[in-house]
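Peer 1: structure of the sequence below:
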Amino acid sequence: MSEVEALYARILSLVKPRELYLSCNGVLQHDISQLKHSIKDVLAAYAKVEEVRDAVSQLEQGKPPSGRSDKKVKKKPKSVKKISEKEASSSSESSSSNSSDESEDDQKQVGGNKTKGAEKVVENDESELKLAHKCLKQIMMVKVENKAIVSESRKLWIKVTKFKKGCSQETEEMKDKFTSLLAQVTQWQDGIFALDQLDKVQKTLGEMDGVVVRQATQVGEMAAQAAGLPWEACNRYAVHRLPADKKVKREPSDPDGWSPTEDELKSLKPFMLATEQSGCFMRVVMKYLGCVNLRPLKMHLTVADNGGDVYLIDRPYKCGGALCCPLEMRLNGMNGDYDEPTRIGRVREDFSPYLGRCCSSCCLATTYTDIERALPDGKYEKRYSLRTNLACCGRVNNCCAPSCCRNDAVYDILDPDGAVVANLQVSFGGGDCLRSCCRAGGGFTNYVLQFPRDSTPQDRVLLLAVLFHLDYAVFEKK
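Peer 2: Numbers count the residues shown, from 1 in each chain. Below is the predicted model:
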């Protein structure tokens, strides 16, 4: 870019184009007004020259002059008045005198005076004509110069306009580049932030012995259920760290286990939040049809102090294992808003062998859910299994639990060999009996989960996902 173009760019950045147009028009109007005044002066001078020329021609013919203006007609030249007075005096002298020689001399004298006056007028006429020609020449020069100035100004404005358009185009291109660069930097920051948050959550999960999960009470949903309306709200959960001095029960009557009260559960500080994302119309329709527990959804797991997702659970619509379409939840780790999620694993109903699992579910009220880790080749590896017995059959008696009659229900977490390695406790949350009964009647549950000793952070978040699977598959339809 040359220095002139840089100067134009600087001027255009300081002054708006409209102001430039106004200033240019003002300058041109001033020049045009001055030109009009000069033309008027020239025309006035030319009119004077024409009047003088008429006067001279009238004097030569012996007639009174006829001027172009009334003012000029009224005023006669002093030389003409003197000539008329002399003619009157000479005529009187010729009448008194009889000498023809004297009258001839007088006539010659009068003729000489007329010639002198005419010569003076002609001299004045020539000076005025010279002035008129000079003015006309100046006018023509002004017109030529004005045309050149206008042409040059027009070329300059065209050049400035083209330069302005080029600068605008370059500015837009630079703006787009900066916008894309800023978006990319934001994406990198979000990705780094998400990775940092994911690492923190995995580190925290690795240091825990277990978690306490409490479902939020939905007052509107409870009111709709009391009125008989098919309304279902999105589920929300708070994930807390299991206190170090508390242990999960191995059976409902375990004296060493923790039976949390309503106040104890409310006093815990959450470190993660889980929020359901699903369609309102779909929830209402499936609630009306009686299959709201099968609804498809996404579960967002976020750090309590920040809004970014660290884990995402995807639950597609499935009819259930009894219809050869097992329920499942897929767990993904989030690396940022713009990156692809990382597959961690899934939890899935176990109906293999089909007849044996159907008999166990129908006759013993016992179901099984597999907890599987994702492999790089797209397959899954079984890590644990959740055994849920809802009645008195099985290793423990969970009949009427959780309720005010039996505070806790205990389910087993099995390794691939079938050995019990941890437990999941569903607690009534006593203390405030009326409030706890209302929560239990609305299907709002409290969970206390113990992690297996050899579990990794990925295994532990999968165990957290199986907890949500149990809540939707079993307790959501109550």
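Peer 1: make it CA atoms for all contacts and neighbour counts henceforth
Peer 2: Will do.
Peer 1: strands of this structure, residue ranges please.
Peer 2: Counting by DSSP state E, one finds strands in the chain at the ranges 210-215, 236-241, 270-277, 297-303, 309-315, 328-333, 342-349, 366-374, 380-389, 408-414, 420-427, 446-450.
Peer 1: which strands and helices lie in contact with the second one?
Peer 2: In terms of contacts (3 or more C-alpha pairs under 8 Å, 6 or more residues apart in numbering; DSSP states H and E), strand 236-241 is packed against strand 210-215, strand 270-277.
Peer 1: can you pull the pLDDT of residue 126?
Peer 2: For residue 126, the pLDDT comes out at 63.
Peer 1: out of the helices and strands packed on strand 236-241, deepest packed?
Peer 2: With neighbours defined as mean count of other C-alpha atoms under 10 Å, the helices and strands packed on strand 236-241 peak in mean count at strand 210-215, which reaches a mean of 23.
Peer 1: mind listing the strands that strand pairs with, and their directions?
Peer 2: Strand pairing for strand 210-215, using DSSP bridges, gives strand 236-241 (antiparallel), strand 446-450 (antiparallel).
Peer 1: report the buried residues of the shortest one.
Peer 2: By that I understand strand 446-450. Buried residues in strand 446-450, counted by 16 or more other C-alpha atoms under 10 Å: 446, 447, 448, 449, 450.
Peer 1: max pairwise distance over the residues you listed: which two?
Peer 2: Of all pairs drawn from these, the one with the longest distance (C-alpha to C-alpha) is 446 and 450, at 13.6 Å.
Peer 1: rewinding a little: please produce a markdown table containing the strands paired with strand 210-215, extended by mean pLDDT.
Peer 2: Formatted as a markdown table, the strands paired with strand 210-215 follow (pLDDT from 0 to 100):
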| stretch | mean pLDDT |
| --- | --- |
| strand 236-241 | 95 |
| strand 446-450 | 94 |
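Peer 1: between these, which one is closest to residue 52.
Peer 2: Nearest of these to residue 52, taken as C-alpha to C-alpha: strand 236-241 at 109.0 Å.
Peer 1: quick one, that closest one and strand 297-303 angle?
Peer 2: On the basis of axes from the mean of the first three to the mean of the last three C-alpha atoms, to 10 degrees, strand 236-241 is oriented at 40 degrees to strand 297-303.
Peer 1: need the residues that contact strand 236-241.
Peer 2: Residues from elsewhere that reach strand 236-241, judged by C-alpha atoms under 8 Å, 6 or more residues apart in numbering: 208, 210-216, 268-276.
Peer 1: out of the strands paired with strand 210-215, the one nearest residue 388 is which?
Peer 2: strand 446-450 (13.6 Å).
Peer 1: residues in contact with stretch 456-464: which ones?
Peer 2: When contacts are defined by C-alpha under 8 Å, 6+ apart, stretch 456-464 is touched by residues 202-203, 205-206, 331, 344-347, 371-373, 383, 449, 451.
Peer 1: same thing but 7 Å
Peer 2: Residues from elsewhere that reach stretch 456-464 (C-alpha atoms under 7 Å, 6 or more residues apart in numbering): 202, 205, 206, 344, 345, 371, 451.
Peer 1: for it, buried residues please.
Peer 2: Within stretch 456-464, the residues scored as buried using 16+ other C-alpha under 10 Å are 457, 458, 459, 460, 461, 462, 463, 464.
Peer 1: how about these in JSON lines, adding pLDDT and distance to residue 232?
Peer 2: Below are the buried residues of stretch 456-464 laid out as JSON lines (pLDDT from 0 to 100; distance: C-alpha to C-alpha, whole Å):
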{"residue": "457", "pLDDT": "93", "distance to residue 232": "33"}
{"residue": "458", "pLDDT": "94", "distance to residue 232": "31"}
{"residue": "459", "pLDDT": "95", "distance to residue 232": "31"}
{"residue": "460", "pLDDT": "95", "distance to residue 232": "29"}
{"residue": "461", "pLDDT": "95", "distance to residue 232": "26"}
{"residue": "462", "pLDDT": "96", "distance to residue 232": "26"}
{"residue": "463", "pLDDT": "96", "distance to residue 232": "26"}
{"residue": "464", "pLDDT": "95", "distance to residue 232": "23"}
